[in-house]
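Chemist: Okay, predicted coordinates and the sequence, questions at the end:
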Amino acid sequence: MKSLLASRISSLRLFSTSAPRTLKNKVPEYQKLFQEDNGLPVHLKGGTMDAMMYRGTMILSVFGVGLTLFVLFQAASPKKNK
């Protein structure tokens, strides 16, 4: 009976949901990076990729606002009869 109980416990340990920790915790490194006082806004402190994503978002936003204003102007202006 003891051997059956022991095999049950060992099989439960094999199918455990917790995996061994293989990843390094990078949070302290990011905290140092983002809390550093270097005059940059926090959304640009991540480097080149952050700057590219910021600029791309701004370009898409300006394009979207311009397109919205154009469509609203078109809808508000009277149509010409031929």
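Modeler: Cool, the structure landed.
Chemist: For Q35, grab the count of nearby residues.
Modeler: The tally of other residues near Q35 (other CB atoms under 10 Å) stands at 9. In short, each C-beta sits where N, CA and C put it, glycine included.
Chemist: State the distance from it to T48.
Modeler: Per CB to CB, to the nearest Å, Q35 is found 20 Å from T48.
Chemist: Same check on K79?
Modeler: With CB to CB as the criterion, K79 and T48 are 48 Å apart.
Chemist: and if you look at V27?
Modeler: Shown here: V27 relative to T48, a distance of 22 Å by CB to CB.
Chemist: Which strand or helix spans V65?
Modeler: Using DSSP states H and E, V65 maps to helix 48-76.
Chemist: So for that helix, mean pLDDT?
Modeler: For helix 48-76, mean pLDDT is 96.
Chemist: So for it, what gets flagged as buried?
Modeler: Buried residues in helix 48-76, counted by 16 or more other CB atoms under 10 Å: none are found.
Chemist: Quick check: end-to-end length of stretch 43-53?
Modeler: The stretch stretch 43-53 measures 10 Å between its terminal residues, going by CA to CA, to the nearest Å.
Chemist: Please apply the same query to stretch 69-82.
Modeler: Termini of stretch 69-82 sit 26 Å apart (CA to CA).
Chemist: contacts for that stretch?
Modeler: For stretch 69-82, there are no surrounding residues in contact (CB atoms under 8 Å, 6 or more residues apart in numbering).
Chemist: can you give me how far that stretch is from the chain middle?
Modeler: Centre-to-centre, stretch 69-82 and its host chain are 39 Å apart (CA atoms, centre = their mean, to the nearest Å).
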